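Trainee: Sharing a model that was predicted from the sequence below.
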Amino acid sequence: MIISKTPYRISFFGGGSDYKNWYSEFPGEVISSTINKYIYISLNILPKFYNHKYRLVYSTTENKDNINMIKLSPVKKIFKEFNVKGPLEMHYQGDLPSRSGMGSSSSFVVGLLNILNV
């Protein structure tokens, strides 16, 4: 099992500048920082007795046989980019609730990329 610990991010201004439809029209700068609250992502080999190839546990649970069936877009894109082969189980746990405005989506992406770069 591999576990990633990534701090939440707070943007003071420049939010949205990581989205192409925003930065294409509104160039700018970002100032952000982190706090002492974290998200944790774990990856583990999924035991063979499961009937699916990928198990993702976050605010919901996805059991999928194919990367293209994964609903969580960042995971689908990152797994494709890294050519991730199952069977694999990923768990997401955060110190703060989802949709808190604390940059959890970017922290999630950074944590998952860090795990796959090990």
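Mentor: All right, it came through fine. A quick note: this is a predicted structure, and the numbers were derived from the prediction, not measured.
Trainee: Figure out how far stretch 83-103 is from the centre of its chain.
Mentor: Stretch 83-103 has its average C-alpha position 5 Å from the chain's average C-alpha position, going by C-alpha atoms, centre = their mean, to the nearest Å.
Trainee: And for stretch 76-92?
Mentor: On C-alpha atoms, centre = their mean, the centre of stretch 76-92 falls 10 Å from the chain's centre.
Trainee: Regarding it, how distant is the last residue from the first?
Mentor: Between the opening and closing residues of stretch 76-92 we find a distance of 15 Å, counting by C-alpha to C-alpha, to the nearest Å.
Trainee: buried stuff in that stretch?
Mentor: Of the residues in stretch 76-92, those buried under the neighbour-count criterion (16 or more other C-beta atoms under 10 Å) are K76, I78, F79, G86, P87, L88, E89, M90, H91, Y92. The way it works is simple: take the backbone N, C-alpha and C, and place the C-beta from them, glycine included.
Trainee: Next: stretch 62-74.
Mentor: Judged by neighbour count (16+ other C-beta under 10 Å), stretch 62-74 contains these buried residues: E62, K64, I67, I70, L72.
Trainee: Nearest to P7 among those?
Mentor: Proximity of these to P7, judged by C-beta to C-beta, is greatest for L72, which lies at 20.8 Å.
Trainee: And the closest one, how close does it get to E29?
Mentor: Here the criterion is C-beta to C-beta, to the nearest Å. By it, L72 lies 29 Å from E29.
Trainee: and what of N51?
Mentor: Here N51 is placed at a distance of 48 Å from E29 (C-beta to C-beta).
Trainee: roughly how far apart are the residue lying closest to S98 once chain neighbours are set aside and H91?
Mentor: Computed as C-beta to C-beta, 6 or more residues apart in numbering, the closest residue to S98 that is not its neighbour in sequence is S59, at 5.5 Å. Relative to H91, S59 is positioned 12 Å away (criterion: C-beta to C-beta).
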